[in-house]
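A.B. asks: can't give you the sequence, but here's the structure:
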Ligand SMILES: [Zn+2]
């Protein structure tokens, strides 16, 4: 029998696991890199599920969780096909890039659906989306706070207007076990996120955030592993009864606060803290300590993430509040 592929990824025979590397042939810029993958072909039929991580290359809990899931799930217990790509931002990993990919200095998770004639990240986004992501029934993209970010675990998804698809996405997000969920776009950010464009393309897709600050904390890794395992059971991609977990509370908006000035940031809040509209959540001073700006919560809600580095450029992100 001819070997089965999903895009450039060679699948193993039924009941087996394969690890390997793939590239995007025919594009000299992309072909310089090989992306790691782990693929599992179940013995019984089921959905094709994609688990990705490391589109932000320093979000290590997600990368570690993806590797663990790929290596630990038993092929005889998988139903359908599971593909794990633990590190999407391959150029940025050993560079320890924050937010961006060093090939073009842009945030890979703002460039979907991409452009076959665009810059590196746009070409990568186009090939990943058309050759792999849209060949899957479900997609879970693992994130965390970046090297200079702390966050409380949350899930993010987008409603598409297709009721059946939206119900499938919500079931996945509810099964992860996070306390908070976001389904609105971040204020002031560009679109082009992988999970959002995948959903718009008909894939039941979501994003999960756990951990941050460049730390590999076991609890953060386990949260991702357990959350994805529960999603796989819930959607019938893995044997076993799903755990009953409380669904997350959906925030009303995702307000990203940016700095009006370049300066040294004192954050006055911590993640998961509840704030009221008008609360002072931080301040900025210059490099001899003169006050420059006071940061006020524009809405009441929960602090979902914050930047841990005090070095802030004008318009740089400071923190995000999920409105309640
Ligand atoms: Zn991220």
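C.D. replies: It's in. Owing to the predicted nature of the structure, the values given are computational and were not obtained by experimental measurement. Residues are numbered from 1 along each chain as shown.
A.B. asks: looking at it, residue 61 is touching residue 224, isn't it?
C.D. replies: Yes - proximity of residue 61 to residue 224 meets the contact threshold set by Cβ atoms under 8 Å, at 6.0 Å. (C-beta placed from N, C-alpha, C; glycine too.)
A.B. asks: tell me, what's touching these two both at once?
C.D. replies: 142, 210-211 (Cβ atoms under 8 Å, 6 or more residues apart in numbering).
A.B. asks: which one of these sits closest to residue 152?
C.D. replies: residue 210 (9.2 Å; Cβ to Cβ).
A.B. asks: how about the contacts made by the closest one?
C.D. replies: 61-62, 65, 142-144, 153, 220-221, 223-224, 227.
A.B. asks: show me these that map onto helices.
C.D. replies: 61-62, 65, 220-221, 223-224, 227 (DSSP state H).
A.B. asks: before we move on, back to that, save the shared contacts of residue 61 and residue 224 as CSV, and put in pLDDT too.
C.D. replies: Formatted as CSV, these follow (pLDDT from 0 to 100):
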residue, pLDDT
142, 98
210, 98
211, 98
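A.B. asks: tabulate those residues (a markdown table), appending distance to residue 270.
C.D. replies: Converted to a markdown table, the shared contacts of residue 61 and residue 224 look like this (distance: Cβ to Cβ, whole Å):
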| residue | distance to residue 270 |
| --- | --- |
| 142 | 23 |
| 210 | 17 |
| 211 | 15 |
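A.B. asks: and of those residues, the nearest to the ion?
C.D. replies: residue 142 (8.7 Å; Cβ to the ion).
A.B. asks: leaving out chain neighbours, which residue sits closest to the closest one?
C.D. replies: Closest residue to residue 142 apart from its sequence neighbours, by Cβ to Cβ, 6 or more residues apart in numbering: residue 62 at 3.2 Å.
A.B. asks: pretty sure that neighbour contacts residue 146?
C.D. replies: No - the criterion here is Cβ under 8 Å, and residue 62 misses it with residue 146 at 10.9 Å.
A.B. asks: so which of the two has more stuff around it?
C.D. replies: residue 62 (30 against 24; other Cβ atoms under 10 Å).
A.B. asks: quick check: residues of this structure near the ion?
C.D. replies: 56, 59, 143 (Cβ under 5 Å from the ion).
A.B. asks: save the ones in helices among the contacts of residue 210 as TSV, and put in distance to residue 195 and pLDDT too.
C.D. replies: Formatted as TSV, these follow (distance: Cβ to Cβ, whole Å; pLDDT from 0 to 100):
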residue	distance to residue 195	pLDDT
61	17	98
62	13	98
65	16	98
220	19	98
221	20	98
223	18	98
224	15	98
227	14	98
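A.B. asks: in ChimeraX, how would I select just the buried ones from the residues you listed?
C.D. replies: Applying 16 or more other Cβ atoms under 10 Å to those, the buried members can be selected in ChimeraX as follows:
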select :61,62,65,220,221,223,224,227
